[in-house]
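Visitor: Generate coordinates for the sequence data below:
(chains A, B, C and D)
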Number of protein chains: 2
Amino acid sequence: MIIKITLRDQVKSFLQDQMMNGELSFGERISLPVLAKKLNVSVTPIREALTQLQHADIVEAIPNRGFFLPLPNIEKVSELYPIIANLEYLGVSESTYSEKDINRLEALFEKENTFDNPVDRIQSDIKFHELLLKNYKNDALKSFLYDLKLRVFLYEFYYMEDANLAQTSSNYHKNIIASLKKGNSLKAADLIKESWLTSIQFIQQHFKQKAS
Amino acid sequence: MIIKITLRDQVKSFLQDQMMNGELSFGERISLPVLAKKLNVSVTPIREALTQLQHADIVEAIPNRGFFLPLPNIEKVSELYPIIANLEYLGVSESTYSEKDINRLEALFEKENTFDNPVDRIQSDIKFHELLLKNYKNDALKSFLYDLKLRVFLYEFYYMEDANLAQTSSNYHKNIIASLKKGNSLKAADLIKESWLTSIQFIQQHFKQKAS
DNA sequence: ATTTGTAAAATCGTATACGATATATTATAT
DNA sequence: ATATAATATATCGTATACGATTTTACAAAT
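Guide: Now for the predicted structure:
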């Protein structure tokens, strides 16, 4: 079977990868002609990719001005994190984990303290959470979560920049693994949810400090 | 302040309205040239609107074949309904309701038994759920829910076609209102979640019968 | 120096054009 | 009559063109 991928979807993937690699910042403009030249395609698939991301509120479109990443918005943090918290809670609470699954989580956990930059930490954290949902067969939920992670990436950046907070995140992972070893995935789900909800405060604090 | 609305967003709204009015069916093709003539615009904003809906899995795009509404898929029901259930649970559990709010819910409830067709019932049901989330300030969650409702509309159709099931839905509403009157929004949230989760079985049954 | 106004440049939004792919139709062969 | 092959038609995907809007640059006026 032949799978065709349209240019617009390739461009979308390119943009998503860029975001996940921390190559774009708050409020950054995404210029159609610039990106078109860079990717060697016309502006049409570029704008189609961007309008897709616009629908998911991953980028913003201002008519006749262009496409931009959103500006920092504390309110959005308190909207998005509870959604992530509850969706991941749902996934973990309905999952079961084999010994092999737990070993893979532990392997990831061992590595995550070795990273010294926020992007690596976030990517490792995202992998950890994806692995937690590996056994939960719900692609709709996973793609929602993927979009949500794109939307909070830049906030996470400020969280993971702080070594202490990165350690807090890692501690949650340790406790989650411990719960799973006891076969208590409900406790693990609670911890996942809690980890997202507690980080709201820290991120909001960070931006309040910045404002002052 | 002047607000501009692009053609692509107008087209998207048009399509969303069409879906919410039950004017499109499972697997139905959405032809670019046909829709372009109907709306008197070129195909470009049409395809941009459709690619937006494609990103949210509201429509499907098959390269060089076109855009289609999804075909019935029992698995998607068991993916989407739990997501809706949990997101609405979150919203209701964190909401408080004034006497006026409850009166408005009751007014809607009184009307909903008078509808004799599935589309009116679904729209009334959606309004009821929207009203339940009115006090929950989380636009991100609400727009996720809006997209999800679009995706399950056609399944809901088969649910609300059945007068008995419509009655079941209405009973949940009655109990939800009763719980809110007692100031027990947690119980109301439980009922909301339960109402979504129980409907999964009925819908799956419906499609299994059809298959045989 | 700041503000206002004008002109130029850049960018977007939509329409159109055209090649590529898929579907439908017709003709041919079995 | 059915199946296969070839052709014609329709549709999509992308590129390009062009008008409209916005931003930038710069000059003039306060």
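Visitor: Please identify the helix or strand for the most centrally placed residue in chain A.
Guide: Residue closest to the mean C-alpha point of chain A, counted by Cα atoms, centre = their mean, is residue A:149 at 2.2 Å. Of the helices and strands defined by DSSP states H and E, residue A:149 is found in helix A:139-161.
Visitor: okay, the angle between that helix and helix B:139-161?
Guide: Between the direction of helix A:139-161 and that of helix B:139-161, the angle (axes from the mean of the first three to the mean of the last three Cα atoms, to 10 degrees) works out to 170 degrees.
Visitor: Just to check, residue A:18 is in contact with residue A:24?
Guide: Yes: with contact taken as Cβ atoms under 8 Å, residue A:18 and residue A:24 are classed as touching, separated by 5.6 Å. Any C-beta I mention is one placed from the backbone N, CA and C, and that applies to glycine too.
Visitor: got the residues of chain A near chain B?
Guide: Along chain A, the residues adjacent to chain B under the rule Cβ under 8 Å from any Cβ of the partner chain are A:4-6, A:8, A:12, A:44, A:47-48, A:51-57, A:61, A:63-64, A:76, A:79-80, A:82-83, A:86-87, A:89-90, A:137-141, A:143-144.
Visitor: out of residue A:18 and residue A:24, which sits in the more crowded spot?
Guide: When neighbours are counted by other Cβ atoms under 10 Å in any protein chain shown, residue A:18 and residue A:24 differ, and residue A:24 comes out ahead with 18 against 13.
Visitor: Does the more buried one touch residue A:69 like I think?
Guide: Yes: using Cβ under 8 Å, residue A:24 is in contact with residue A:69, at 5.5 Å.
Visitor: shared neighbours, the two?
Guide: residue A:30 (Cβ atoms under 8 Å, 6 or more residues apart in numbering or on different chains).
Visitor: before we move on, the earlier item: return the set of buried residues in the helix holding residue A:149.
Guide: Within helix A:139-161, the residues that qualify as buried by neighbour count (16 or more other Cβ atoms under 10 Å in any protein chain shown) are A:140-142, A:144-145, A:147-160.
Visitor: which parts of chain A sit against DNA strand D?
Guide: Taking Cβ under 7 Å from any atom of the strand as the criterion, chain A approaches DNA strand D at residues A:6-8, A:41-45, A:48, A:63-65.
Visitor: Let me know how buried the residue lying closest to residue A:66 once chain neighbours are set aside is, in neighbour terms.
Guide: Nearest in space to residue A:66, with sequence neighbours left out and distances taken as Cβ to Cβ, 6 or more residues apart in numbering or on different chains, is residue A:29 at 5.9 Å. Burial of residue A:29 is recorded as 13 neighbouring residues (other Cβ under 10 Å).
Visitor: Please list all residues in contact with residue A:29.
Guide: With the criterion set at Cβ under 8 Å, 6+ apart, residue A:29 makes contact with A:66-68.
Visitor: Buried ones from these, can you make that a ChimeraX selection?
Guide: Only the buried members of those end up in this ChimeraX selection, burial being decided by 16+ other Cβ under 10 Å:
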select /A:67,68
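Visitor: Could you provide the contacts of residue A:29 in CSV, with additional columns for pLDDT, distance to DNA strand C and secondary structure?
Guide: Below are the contacts of residue A:29 laid out as CSV (pLDDT from 0 to 100; distance: Cβ to the nearest atom of the strand, whole Å; DSSP: H, G, I helix; E, B strand; the rest coil):
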residue, pLDDT, distance to DNA strand C, secondary structure
A:66, 91, 4, strand
A:67, 94, 6, strand
A:68, 94, 9, strand
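Visitor: Mind naming the longest helix for chain A?
Guide: Longest helix of chain A, by residue count under DSSP state H: helix A:185-211.
Visitor: picking that back up, filter the residues of chain A next to chain B down to just the ones in strands.
Guide: The members of those that map onto strands under DSSP state E are residue A:61.
Visitor: filter the residues of chain A next to chain B to the buried ones?
Guide: Burial by neighbour count, judged by 16+ other Cβ under 10 Å, picks out A:8, A:12, A:47-48, A:51-57, A:61, A:76, A:79-80, A:82-83, A:86-87, A:89-90, A:138, A:140-141, A:144 from these.
Visitor: Mind checking which of those residues are in helices?
Guide: Counting by DSSP H, the part of those found in helices is A:8, A:12, A:47-48, A:51-55, A:76, A:79-80, A:82-83, A:86-87, A:89-90, A:140-141, A:144.
Visitor: Not counting sequence-adjacent ones, nearest residue to residue A:206?
Guide: Nearest in space to residue A:206, with sequence neighbours left out and distances taken as Cβ to Cβ, 6+ apart, is residue A:158 at 4.9 Å.
Visitor: Tell me if I'm right that the one you found and residue A:203 touch.
Guide: Yes: contact status for residue A:158 versus residue A:203: in contact at 6.3 Å, counting by Cβ under 8 Å.
Visitor: separation between the residue nearest to the centre of chain A and DNA strand C?
Guide: With the distance defined as Cβ to the nearest atom of the strand, to the nearest Å, residue A:149 ends up 25 Å from DNA strand C.
Visitor: Also residue A:186?
Guide: Using Cβ to the nearest atom of the strand, we find residue A:186 at a distance of 47 Å from DNA strand C.
Visitor: likewise residue A:159?
Guide: Note on residue A:159: its distance to DNA strand C, by Cβ to the nearest atom of the strand, is 31 Å.
Visitor: How about residue A:141?
Guide: Between residue A:141 and DNA strand C the computed distance is 30 Å (Cβ to the nearest atom of the strand).
Visitor: What pLDDT is listed against that residue?
Guide: Per-residue pLDDT puts residue A:141 at 98.
Visitor: In contact with it, which residues?
Guide: Residues counted as contacts of residue A:141 (Cβ under 8 Å, 6+ apart) are A:87, A:90-91, A:133, B:79, B:82-83.
Visitor: ok, those residues vs DNA strand D, which is closest?
Guide: If you rank those by distance to DNA strand D using Cβ to the nearest atom of the strand, residue B:79 comes first, at 24.8 Å.
Visitor: That closest one: what's it in contact with?
Guide: Applying Cβ under 8 Å, 6+ apart to residue B:79 gives the contacts A:137-141.
Visitor: now it: how far from residue B:21?
Guide: Applying Cβ to Cβ, to the nearest Å, one obtains 25 Å for the distance of residue B:79 from residue B:21.
Visitor: Residue A:194 against residue A:175, yeah?
Guide: No: counting by Cβ under 8 Å, residue A:194 does not reach residue A:175; the two are 9.5 Å apart.
Visitor: per the record, what domains does chain A have?
Guide: Described in terms of automatic domain parsing, the domain architecture of chain A consists of the residue ranges A:7-68, A:74-211.
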